[in-house]
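Enquirer: Structure of the sequence below:
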Amino acid sequence: MLASLVVGFDVTILSLALPAMADDLGADNVELQWFVTSYTLVFAAGMIPAGVLGDRYGRKKVLLAALVIFGLASLACACSTSSGTFIAARALLGLGAALIMPTTLSLLPVMFSDEERPKAIGAVAGAAMLAYPLGPILGGCLLNHFWWGAVFLINVPVVVLAFLAVSAWLPESKASRAKRFDVGGLVFSSAGLAAMTYGVIQGGEKGWTDVSTLAPLLGGLLALAVFVLWEKRAADPLVDLSLFRSARFTSGTLLGTVVNFTMFGVLFTMPQYYQAILGTDAMGSGFRLLPMVGGLLVGVSLAGRIAKAVGPKAAVALGFALLAAALFLGATTDTDSGTGLAAAWTAAYGLGLGCALPTAMDAALGELSTESAGVGSAVNQSIRTLGGSFGAAILGSVLNSGYRGGLDVGDLPRRAQDATRDSVFGGLAVARATKSSALADMVGSAFVHGLDVVLAVSAGLGLSGALLAAVMLPRRPDDRPGRPGGRARRVGDRATEPAKSQHEAEDAA
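Expert: The predicted model follows:
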């Protein structure tokens, strides 16, 4: 949970520090973009190699090394004196995150029984979600009293605690047989994921028809297609592609990707709504995300009981249906709605998320054996992350389109028009400079319209998740030893035997 929390912090704190960093480091727009992109590309490219390292050398060792890298990179970010050194430090931070995430996930199917695993997944997911409001709250407090580098120092004490906890309490686990390194698989998968991610980033910046978008997207698709062909012919493949024949793994991974899509719709738009429309600062917007985390924690605590009562298929479908209903309610927001409506629907969204996510993720992670937990978790995380990147770009374009469609700024000077169309904050700045309340009202209304469209699209994705769960998820896990992926084994002082479900024990009796 601590390792997951520290990666979650980094997702939120950079955006707080960007204005001060641009001024202090003299960064232009291209450099500011690379502050984000350098982390994202290394993170995307590094996850599958990280899973291989965990399976081969031990997941505890890799997680300890990852925490050291992440802590040192955080210090380097805080102490950077130029854009170039900060970009290098962010790339190193991305490497640490790439090692942490799949390694953390790979421990869950290895350490926990079928009954315990959804609770563990919910706890780790809850820790990651808690970072979203805590990041702006703590970061905003630090920025009010210290220099911009202080926000990156948030990671350091959490890393130290995580390192001590992992050292003391985490049992070691790794594959019993060290496979040969599939160099071709590593190269093609990493290159493909990095290229696809870069193409998505460029799509959000330059448009989807620009050559700088299409070239990496097509190159990434080609690399991933070659990866699949390579794996089919490899004597000792990096990824056992038969895992995708498991309905549980495939549906669980796809459902996790849908969750990432909808989460972007909430976490990207709502802080802007709180700050631009309700007039809060970053710290205040963090506090207003707490109802979502509260709903998530309640949902996680109920998920196991709901799945036991109605079955995992119905439990996940119900969770996604609640999630979608909450988003549809959020899509009724107008400029006079205030905090009450936002708190109500984000709490309901968190509740649906908490009910659906642990059971859906358990479907995927429960298919992984001790031999392949690292690579399997990395594949799951890579697909979800790439899906989230597409969600960010697509929903970002939807927001921009809805916002700009509600503007009529033909009477403004050219520079003022560009600033107003660029973002809601630019539009409000122009309204303040021109002392035009009518322009401010139009900008606010246009942004809220774009917000409603994004939430409605996200709600539609939530309904697709409910349908996907109802169609693809098996009614109950197939626990027979011959299924793809094999049985997960537990480690530590409960070490060696496969964890048996209740109906396996009844069959044995």
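
Enquirer: which residues touch Gly219?
Expert: Taking CB atoms under 8 Å, 6 or more residues apart in numbering as the contact definition, Gly219 lies against Ala195, Gly199. Just so you know, the C-beta spots here come from the backbone N, C-alpha and C atoms, and that holds for glycine as well.

Enquirer: measure it to Met283 for me?
Expert: As judged by CB to CB, to the nearest Å, Gly219 and Met283 stand 41 Å apart.

Enquirer: Run a quick neighbour tally on the closest residue to Ala165 other than its chain neighbours.
Expert: Beyond its immediate neighbours in the sequence, the residue positioned closest to Ala165 (CB to CB, 6 or more residues apart in numbering) is Leu2, lying 5.9 Å away. Look at Leu2: counted by other CB atoms under 10 Å, it has 18 neighbours.

Enquirer: just checking, Leu2 touches Val160?
Expert: No: if you go by CB atoms under 8 Å, Leu2 and Val160 don't touch, sitting 9.6 Å apart.

Enquirer: Please tell me I have it right and Arg180 contacts Pro237.
Expert: No: shown here, Arg180 and Pro237 do not form a contact pair, counting by CB under 8 Å, at 10.1 Å.

Enquirer: Leu130 sits in which helix or strand?
Expert: Using DSSP states H and E, Leu130 sits in helix 117-145.

Enquirer: That helix packs against which elements?
Expert: helix 2-25, helix 83-111, helix 282-288, helix 290-310, helix 338-365 (3 or more CB pairs under 8 Å, 6 or more residues apart in numbering; DSSP states H and E).

Enquirer: what angle sits between the fourth one and helix 117-145?
Expert: Relative orientation of helix 290-310 versus helix 117-145 (axes from the mean of the first three to the mean of the last three CA atoms, to 10 degrees): 180 degrees.

Enquirer: Make 27 the first number, not 1, from now on.
Expert: In the new numbering, first residue 27, that becomes helix 316-336.

Enquirer: buried residues in helix 316-336?
Expert: For helix 316-336, a neighbour-count test (16 or more other CB atoms under 10 Å) marks 316-323, 325-326, 328-330, 332-333 as buried.

Enquirer: And for the second one?
Expert: For helix 109-137, the neighbour count (16+ other CB under 10 Å) marks 109, 112-137 as buried.

Enquirer: Repeat that for stretch 141-150.
Expert: For stretch 141-150, the neighbour count (16+ other CB under 10 Å) marks Arg143, Pro144, Lys145, Ala146, Ile147, Gly148, Ala149, Val150 as buried.

Enquirer: and stretch 190-205, average pLDDT?
Expert: Mean pLDDT, stretch 190-205: 81.

Enquirer: any idea how far that stretch is from the chain center?
Expert: Relative to its chain's centre, stretch 190-205 lies at 25 Å (CA atoms, centre = their mean, to the nearest Å).

Enquirer: do stretch 301-309 as well
Expert: Stretch 301-309 sits 24 Å away from the centroid of its parent chain (CA atoms, centre = their mean).

Enquirer: end to end, how far does that stretch reach?
Expert: Using CA to CA, to the nearest Å, the end-to-end distance of stretch 301-309 comes out at 10 Å.

Enquirer: can you pull out the helices in the stretch 127-276 of the chain?
Expert: 143-171, 181-195, 209-232, 237-259, 273-298 (DSSP state H, counting those that start in this stretch).

Enquirer: Go through those helices and pick out the most buried.
Expert: helix 273-298 (a mean of 23; mean count of other CB atoms under 10 Å).

Enquirer: For that one, name the packing helices and strands.
Expert: For helix 273-298, the elements it packs on are helix 308-314, helix 338-356, helix 364-391, helix 399-431, helix 463-498, judged by 3+ CB pairs under 8 Å, 6+ apart.

Enquirer: would you turn these into a markdown table with distance to Val37 and mean pLDDT?
Expert: Below are the helices and strands packed on helix 273-298 laid out as a markdown table (distance: least, CB to CB, whole Å; pLDDT from 0 to 100):
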| stretch | distance to Val37 | mean pLDDT |
| --- | --- | --- |
| helix 308-314 | 13 | 81 |
| helix 338-356 | 20 | 92 |
| helix 364-391 | 16 | 88 |
| helix 399-431 | 11 | 79 |
| helix 463-498 | 18 | 90 |
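
Enquirer: how about those, which one is nearest Arg441?
Expert: When the helices and strands packed on helix 273-298 are compared by CB to CB, helix 463-498 sits nearest Arg441, at 14.4 Å.

Enquirer: Could you check how far that closest one is from the centre of its chain?
Expert: For helix 463-498, the separation from the chain centroid amounts to 19 Å (computed by CA atoms, centre = their mean).

Enquirer: tilt between it and helix 399-431?
Expert: 140 degrees.

Enquirer: Who are the packing partners of helix 463-498?
Expert: Partner elements for helix 463-498 (3+ CB pairs under 8 Å, 6+ apart): helix 273-298, helix 338-356, helix 364-391, helix 399-431, helix 450-460.

Enquirer: Can I get the helices and strands packed on helix 273-298 in JSON lines including mean neighbour count?
Expert: Shown next, in JSON lines, are these (neighbours: other CB atoms under 10 Å):
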{"stretch": "helix 308-314", "mean neighbour count": "20"}
{"stretch": "helix 338-356", "mean neighbour count": "24"}
{"stretch": "helix 364-391", "mean neighbour count": "24"}
{"stretch": "helix 399-431", "mean neighbour count": "22"}
{"stretch": "helix 463-498", "mean neighbour count": "20"}
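
Enquirer: Compare those and give me the one nearest Glu57.
Expert: Closest approach to Glu57 among those (CB to CB): helix 399-431, 20.3 Å.

Enquirer: Can you name the element that comes right after the closest one?
Expert: helix 440-448.

Enquirer: Please identify the buried residues of that following helix?
Expert: Going by neighbour count (16+ other CB under 10 Å), the buried part of helix 440-448 is Ala442, Gln443, Ala445, Thr446, Arg447.

Enquirer: closest to Pro384 among those residues?
Expert: Arg447 (41.5 Å).

Enquirer: ok, the closest one - contacts?
Expert: For Arg447, the contact set (CB under 8 Å, 6+ apart) comprises Arg430, Leu433, Val435, Gly453.

Enquirer: Which of these ranks first by neighbour count?
Expert: Gly453 (27 neighbours).

Enquirer: How about the contacts made by the spatially closest residue to it that is not a sequence neighbour?
Expert: Spatial nearest neighbour of Gly453, excluding adjacent residues (CB to CB, 6+ apart): Val469 at 3.6 Å. The contact partners of Val469, taken as CB under 8 Å, 6+ apart, are Leu433, Thr446, Val450, Gly453, Leu454, Ala457.

Enquirer: now Val469: how far from Ala302?
Expert: Plainly put, Val469 is 8 Å away from Ala302 if you go by CB to CB.
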